[in-house]
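Participant: below is the sequence, then the predicted model.
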Amino acid sequence: AQSVTQPDIHITVSEGASLELRCNYSYGATPYLFWYVQSPGQGLQLLLKYFSGDTLVQGIKGFEAEFKRSQSSFNLRKPSVHWSDAAEYFCAVGTNAGKSTFGDGTTLTVKP
Amino acid sequence: EAGVVQSPRYKIIEKKQPVAFWCNPISGHNTLYWYRQNLGQGPELLIRYENEEAVDDSQLPKDRFSAERLKGVDSTLKIQPAELGDSAVYLCASSLTTGGTYEQYFGPGTRLTVT
């Protein structure tokens, strides 16, 4: 069975600073990897995904993530955070059988 | 293009009462998911449909939860009777299983409070 660990429950960064959210996964085969963002009272919105090919993937809102097979990681990055990026971020690992498992999320606070 | 629609958005019920949630997926999406999200946690899959067929319901508490997806379009999730521990956000998602990527699109969820 697959699993996802997001080691940081809560991260605070200053507006304009860079951001990295960590994600580690466990899965025996090549995974499908996703990052989602959830604003209060809203559903999850897909930021980016990795299925194969280039290990650095670009997403919406200026986010990117890098798949590192040797480290079983898929960390999310943004070079300059905006106040509107404050939200909860979820990493997920999916299988080719359609099953996705989510981490418990990282809450991002942005300081002015 | 309309997104995933869920209703109601909020529901407060007393324990032992029944409750139902409705989901209309994105048009053309053949896969539909129901998740439960407890406070401070990620979504946990309750049931997944491929068209009309429930292909993964291993995490659905079948003694009190039931779901249906008639005609392979919209779906209803029911709890009867509700317990205090059922208080959570119930999320519906859909995907188009082209190429097996299962990229999911989520609705806004139904926040259930059981008192």
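Facilitator: Right, received. Where do you want to start?
Participant: and the helix or strand encompassing residue A:57, how far from the chain's centre?
Facilitator: Assigned by DSSP states H and E, residue A:57 belongs to strand A:56-58. The chain centre lies 12 Å from the centre of strand A:56-58; the measure is CA atoms, centre = their mean, to the nearest Å.
Participant: helix or strand right after it?
Facilitator: Counting by DSSP H and E, what follows strand A:56-58 is strand A:64-68.
Participant: and that following strand, what's its mean pLDDT?
Facilitator: Regarding strand A:64-68, the rounded mean pLDDT is 97.
Participant: direction included, what does that strand pair up with?
Facilitator: strand A:56-58 (antiparallel), strand A:73-78 (antiparallel) (DSSP bridges).
Participant: using a markdown table, lay out those together with mean neighbour count and distance to residue A:18.
Facilitator: Glycine gets a C-beta too; all of them are placed from N, C-alpha and C. As requested, those are arranged in a markdown table below (neighbours: other CB atoms under 10 Å in any protein chain shown; distance: least, CB to CB, whole Å):
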| stretch | mean neighbour count | distance to residue A:18 |
| --- | --- | --- |
| strand A:56-58 | 14 | 16 |
| strand A:73-78 | 20 | 7 |
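Participant: okay, those strands in JSON lines with distance to residue B:83 next?
Facilitator: As requested, those are exported to JSON lines (distance: least, CB to CB, whole Å):
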{"stretch": "strand A:56-58", "distance to residue B:83": "41"}
{"stretch": "strand A:73-78", "distance to residue B:83": "36"}
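Participant: which residue packs closest to residue B:113, ignoring adjacent ones?
Facilitator: residue B:12 (4.6 Å; CB to CB, 6 or more residues apart in numbering or on different chains).
Participant: which residues sit in contact with residue 109?
Facilitator: Picking chain A for this. Taking CB atoms under 8 Å, 6 or more residues apart in numbering or on different chains, we find residue A:109 in contact with A:10-13, A:86.
Participant: that answer is for a different chain, and I need it for chain B
Facilitator: By CB under 8 Å, 6+ apart, the neighbours of residue B:109 are A:42-43, B:6, B:9, B:37, B:89-92.
Participant: return a PyMOL selection command for the buried portion of those residues.
Facilitator: A single PyMOL command selects the buried members of the contacts of residue B:109 (16 or more other CB atoms under 10 Å in any protein chain shown):
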select buried, (chain A and resi 43) or (chain B and resi 6+37+89+90+91+92)
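Participant: for the contacts of residue B:109, which one is nearest residue B:81?
Facilitator: Distance to residue B:81, by CB to CB, is smallest for residue B:90 among the contacts of residue B:109, at 16.1 Å.
Participant: may I ask you to confirm that that closest one is in contact with residue B:19?
Facilitator: No. Distance between residue B:90 and residue B:19: 9.4 Å, which falls outside the contact criterion (CB atoms under 8 Å).
Participant: now do the shared contacts for those two.
Facilitator: Listed contacts common to residue B:90 and residue B:19 are residue B:112; contacts here mean CB under 8 Å, 6+ apart.
Participant: next to chain A, which bits of chain B? Give me the list.
Facilitator: B:4, B:31, B:40-45, B:48, B:50, B:55-56, B:91, B:93, B:95, B:97, B:100-109, B:111 (CB under 8 Å from any CB of the partner chain).
Participant: could you pull out the strands for the chain?
Facilitator: I'll assume chain A. Ranges of strands within chain A are A:3-5, A:10-14, A:19-21, A:24-26, A:32-38, A:44-50, A:56-58, A:64-68, A:73-78, A:87-94, A:100-102, A:106-111, based on DSSP state E.
Participant: could you do chain B instead?
Facilitator: Using DSSP E, strands in chain B cover B:5-7, B:10-13, B:19-24, B:31-37, B:44-50, B:53-56, B:65-68, B:75-79, B:88-95, B:105-106, B:110-114.
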